[in-house]
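> quick one, structure for this:
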Amino acid sequence: MNLIDTLKLWDTNIFLLINGIHVPFFDSFMFLVSEKLVWIPLYISVLYVLIKHWKKEAIWLVLALILCIVISDQVASGILKDLVKRLRPSHAEDLKGLVHLVKGYTGGNYGFASSHASNAAGFALLSALILKQRIYTCSILAWALITGYSRIYLGVHYPLDVLCGFLIGSLAALGCYWVICKFRPSLIQYESNAIIEKSTIIVPVSILSLSFLVIMLYSLIL
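This next block holds a predicted model:
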């Protein structure tokens, strides 16, 4: 067995282990976590912080975040999925009957790499680098990790799909951050970021926490 086959075997076994641990509460919870529209309030709250602190100059940071997500999404979905053509576990013939799916959700045919993971990692890392606030960094990175985990739980991605997505998003974030440092260094100087009011940075943290709370309560009711 060559290295590629060994990696695929490990990947599949880890997937089956993670995907095999499921309860009704987490079925609903993970399904909602994977819904992109659920996190619109979070994105708006980050936009609020950027505009409140950087005023008109925030446009450059917003454009950097948009560029980061576009790059992350296009590399993961627009390029790699069609290039690699690795079937999602939800579509793999040899895993029929072994994959736990939620609400019949199977995703598209190909899964490498996870655009959910790449987009979440890109947004989380770049916004954390910009804001430089520990409480926000811990919260948003935890969100990205849970988002990635949800894709394995739902049976639509292998662990390597998610890890590669995290790598793509992280590289996109670091690249966009380098561009900011190169062409708008005044925006990311520590002195500028250090004076962000706690009452401002707590907004996205609170929105994120509230969103998870609502998802949990909704999952309990179902």
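> which ones are touching the residue nearest the centre of the chain?
Centre of the chain computed as the mean C-alpha position; nearest residue by Cα atoms, centre = their mean is A120, 2.0 Å away. Shown in contact with A120 (Cβ atoms under 8 Å, 6 or more residues apart in numbering): W143, A144, T147, G148, G169. Glycine gets a C-beta too; all of them are placed from N, C-alpha and C.
> closest to S90 among those residues?
Within the set of the contacts of A120, G148 lies nearest S90; the separation is 16.4 Å, counting by Cβ to Cβ.
> where in this structure is the helix or strand with the lowest mean pLDDT?
helix 190-194 (a mean of 56; mean pLDDT, DSSP states H and E).
> downstream of it, the next helix or strand is which one?
If you walk from helix 190-194 toward the C-terminus, the next helix or strand you reach (DSSP states H and E) is helix 198-221.
> which positions in that following helix come out as buried?
Neighbour counts over helix 198-221 (16 or more other Cβ atoms under 10 Å) mark T200, I201, I202, V203, P204, V205, I207, L208, S211, F212, I215, S219 as buried.
> where exactly do the helices run in the chain?
Under the criterion DSSP state H, helices of the chain are mapped to 3-19, 24-33, 40-54, 58-73, 81-84, 115-131, 134-153, 159-183, 190-194, 198-221.
> most packed of those helices?
The highest average neighbour count among the helices of the chain, using mean count of other Cβ atoms under 10 Å, belongs to helix 115-131 at a mean of 26.
> OK, contacts around L7?
L7 neighbours (Cβ under 8 Å, 6+ apart): L160.
> for this structure, which spans come out with low pLDDT?
Of all residues in the chain, those with pLDDT under 70 make up the ranges 1, 190-195.
> nearest to K96, of the helices of the chain?
With respect to K96, and counting by Cβ to Cβ, the nearest of these is helix 3-19 at 12.7 Å.
> can you report how many residues lie near E35?
Burial of E35, expressed as a neighbour count using other Cβ atoms under 10 Å, amounts to 10.
> quick check: phi and psi on it?
phi -80, psi 120 (degrees, to the nearest 10).
> how close does it get to S211?
Using Cβ to Cβ, to the nearest Å, one obtains 11 Å as the distance from E35 to S211.
> follow-up on the earlier one: of all the helices of the chain, which lies closest to S90?
It's helix 3-19; of those, that one is closest to S90 (Cβ to Cβ) at 9.7 Å.
> would you mind putting the buried residues of helix 198-221 into TSV with distance to S114 alongside?
Formatted as TSV, the entries for the buried residues of helix 198-221 read as follows, by distance: Cβ to Cβ, whole Å:
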residue	distance to S114
T200	32
I201	29
I202	30
V203	28
P204	23
V205	25
I207	24
L208	21
S211	21
F212	20
I215	20
S219	22
